[in-house]
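Q: What follows is a predicted protein model with its sequence.
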Amino acid sequence: MKYFLAIFSVLFLSCNQNKSVEENSTIEKPKEELKMYEASEMAVLMEQMYVHNKQLREKIIKKDALGELPKYFLNISEATMTKGKERDNFFNTKAGFFLKTQSEIYGSKNTKESFNNMVDACISCHEVKCGGPIERIKTLYIK
């Protein structure tokens, strides 16, 4: 009788385990396939400009030579925008102002002030167009 109970218990438990595996296999799969995010040309450009300006900030603090405005910054006027965003008059005006303030840094006697003016120019556009990176941009300010 003991053997019968032991065999019955093993069979009963294994049946319950199979049932839970079957239940787990009926989990719904996502209705649409997940797609990896692809950054737009503008997003990539903004990231490159951020990295450059982070390095430029350090050069200004250390009073090192700044070099010159990278040519790729000029792509701001033609880079493909992020889906759902549009290049309108506001953006074009702000982009032109940004390029002006960015280029002024390299010939300025007060590079810290010029640099902070450039950061202000970035934020003034992002406040209207795409607010997500504002806190990150603020980290560029030189105190």
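A: Cool, the structure landed.
Q: I'd like to know how far the closest residue to residue 82 other than its chain neighbours sits from residue 109.
A: Using Cβ to Cβ, 6 or more residues apart in numbering and skipping residues adjacent in sequence, the residue nearest residue 82 is residue 40, 4.3 Å away. To be clear about C-beta, it is placed using only N, CA and C from the backbone, and glycine gets the same treatment. Per Cβ to Cβ, to the nearest Å, residue 40 is found 37 Å from residue 109.
Q: neighbour-wise, which of these two wins?
A: A direct count of neighbours by other Cβ atoms under 10 Å for residue 40 and residue 109 places residue 40 higher, at 15 against 6.
Q: is it true that the more buried one touches residue 84?
A: No - contact between residue 40 and residue 84 fails when scored by Cβ atoms under 8 Å: they sit 10.0 Å apart.
Q: pLDDT on stretch 60-71, on average?
A: Averaging pLDDT along stretch 60-71 gives 96.
Q: same deal with stretch 116-133?
A: pLDDT averaged over stretch 116-133 gives 94.
Q: Tell me the buried residues in it?
A: 116-119, 121-123, 125-126, 129-130 (16 or more other Cβ atoms under 10 Å).
Q: Let me know the closest of those to residue 33.
A: Ranked by distance to residue 33 (Cβ to Cβ), those are led by residue 130 at 26.5 Å.
Q: gap between the closest residue to the closest one other than its chain neighbours and residue 112?
A: Nearest residue to residue 130 in three dimensions, chain neighbours excluded: residue 85, at 6.7 Å (Cβ to Cβ, 6+ apart). Per Cβ to Cβ, residue 85 is found 31 Å from residue 112.
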